[in-house]
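Undergrad: pasting a predicted model and its sequence here:
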Amino acid sequence: MRYALELAGSLDYLTVTCLDRLAELPALQVCRRYSFDTFVVERIARSPTSRSLAHQEQIMRNLARCRPLFEPVANPSALLELLNGELGTPVRFVSEGPSAADKRWLDISRDHETGVYPSL
């Protein structure tokens, strides 16, 4: 997501969907870095040339050889907090199910003592 945000430029907020599906996973994990041969890749560099398909192709070839380094995340609320901290763009809208009633705007004024968003 960091790479996509870097390419897209400034965004007002993010939307995270399928939060209800996280309960089906054996463990909630994120990948913030990759193992590539003997190196750890922490960031995917964008092309110095705008819209370079050759650069994108090279990224895809390299990522195919990478191994994701997963880190555990305690719960969906912790995931949203991690995304906010890592990406610098607030998660403002979430979907927790298939119907319109399952979609909602988040109050971006989370509990700063616990770092938890209301009603997650």
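TA: Sure, I can see it. Numbers count the residues shown, from 1 in each chain.
Undergrad: how far is stretch 95-106 from where the chain is centred?
TA: In terms of C-alpha atoms, centre = their mean, to the nearest Å, the centre of stretch 95-106 is found 19 Å from the chain centre.
Undergrad: residues in contact with it?
TA: Residues from elsewhere that reach stretch 95-106 (C-beta atoms under 8 Å, 6 or more residues apart in numbering): 15-20, 80, 91-94, 117-118. Bear in mind the C-beta positions are built from the backbone N, C-alpha and C, glycine included.
Undergrad: for it, list the C-alpha coordinates in CSV.
TA: Taking C-alpha atoms only, stretch 95-106 is exported to CSV below (Å, rounded to 0.1, in the frame of the first residue of the first chain):
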residue,chain,number,x,y,z
SER,A,95,-16.9,-2.1,5.5
GLU,A,96,-17.7,-4.9,7.9
GLY,A,97,-20.2,-7.0,5.8
PRO,A,98,-22.0,-7.3,2.5
SER,A,99,-24.9,-4.9,3.1
ALA,A,100,-25.0,-1.1,3.1
ALA,A,101,-25.8,-1.2,6.8
ASP,A,102,-22.3,-2.7,7.3
LYS,A,103,-20.5,0.3,5.9
ARG,A,104,-19.7,3.2,8.1
TRP,A,105,-17.6,6.3,8.5
LEU,A,106,-15.1,6.2,11.4
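Undergrad: which parts of that stretch are buried?
TA: Within stretch 95-106, the residues scored as buried using 16 or more other C-beta atoms under 10 Å are 95-96, 106.
Undergrad: mind checking which of those residues land in strands?
TA: S95 (DSSP state E).
Undergrad: in JSON lines: the buried residues of stretch 95-106, plus pLDDT.
TA: What follows is the buried residues of stretch 95-106, written out as JSON lines (pLDDT from 0 to 100):
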{"residue": "S95", "pLDDT": "95"}
{"residue": "E96", "pLDDT": "93"}
{"residue": "L106", "pLDDT": "88"}
